[in-house]
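Chemist: starting from these lines, generate the structure:
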Amino acid sequence: MTSDAGTPGHTADPRALRRADFPEIQRMTTRWADNDMYGHLNNAVYYELFDAVLNAWLIRETGTDEVSTPTLGVVAESSCRFYAELAYPEPIDVGVRVERIGTKSVTFAFGLFAQGSDDIAAHGLWAQVYIDRAQRHSVPIPADVRAVIERASAAQ
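Modeler: Predicted structure coming up:
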């Protein structure tokens with residue numbers, strides 16, 4: 001891990017990432033409504049999966065009550081690259097890894113994998129900035145969150 005200037009987990013070509021490159025992986029169930037008229041997951045669903053898996057992981061690891069915590073992680077930037085179609089009714093494995101750790105922000109990468117496949121179907125990036133809930137000013141990453149992301153970064 002490094003300061004805001006570094007990119008420890010950055011991968012030049014995300015298509016080279018495999019399931020083993022993600023220290024946190026959760027299986028998600030797809031729903032009929034997730035498919036679009038073309039027969040694959042609508043692109044907005046990918047972002048819902050990122051959000052659900054990241055928050056479940058951080059809540060589980062820190063015990064944070066997202067409703068009352070004095071700091072919030074807000075998404076400042078996001079992107080997704082699509083490499084292969086995913087569709088209902090297949091479950092999807094969503095991996096999380098740390099791309100960059102700064103003082104007040106962290107960039108997470110997500111890998112979506114079809115069940116049983118090590119080939120990445122989609123790669124997402126999510127820059128999360130921490131802010132004070134009341135004042136809405138950026139603040140350092142909370143110590144409990146920093147500990148989790150530093151462990152994950154070391155496990156990569």
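Chemist: contacts and neighbour counts: CA atoms only from here.
Modeler: OK.
Chemist: shaky segments in this structure?
Modeler: The chain contains residues with pLDDT under 70 at 1-11.
Chemist: do a quick rundown of the strands in it.
Modeler: 24-28, 71-82, 92-101, 105-114, 122-132 (DSSP state E).
Chemist: neighbours of Asp93, how many?
Modeler: Applying the criterion other Cα atoms under 10 Å, we find 22 residues in the vicinity of Asp93.
Chemist: over to Gly116?
Modeler: Gly116, neighbours per other Cα under 10 Å, totals 10.
Chemist: quick one: contacts for Gln156?
Modeler: Taking Cα atoms under 8 Å, 6 or more residues apart in numbering as the criterion, Gln156 is in contact with Gly9, Asp21, Phe22, Pro23, Arg97.
Chemist: mind checking how far the fourth one is from Pro140?
Modeler: Read it as Pro23. Per Cα to Cα, to the nearest Å, Pro23 is found 23 Å from Pro140.
Chemist: please apply the same query to the last one.
Modeler: Counting by Cα to Cα, the gap between Arg97 and Pro140 amounts to 20 Å.
Chemist: neighbour count winner among those two?
Modeler: Just comparing Arg97 and Pro140: by other Cα under 10 Å the higher neighbour count belongs to Arg97, 24 against 15.
Chemist: ok, what's across the strand from Ser79?
Modeler: Under the criterion DSSP bridges, Ser79 forms beta bridges with Leu125.
Chemist: any idea which helix is longest in this protein?
Modeler: In the chain, taking DSSP state H as the definition, the longest helix is helix 43-62.
Chemist: what helices and strands are in contact with it?
Modeler: Secondary structure elements in contact with helix 43-62, counted by 3 or more Cα pairs under 8 Å, 6 or more residues apart in numbering; DSSP states H and E, are strand 24-28, strand 92-101, helix 143-155.
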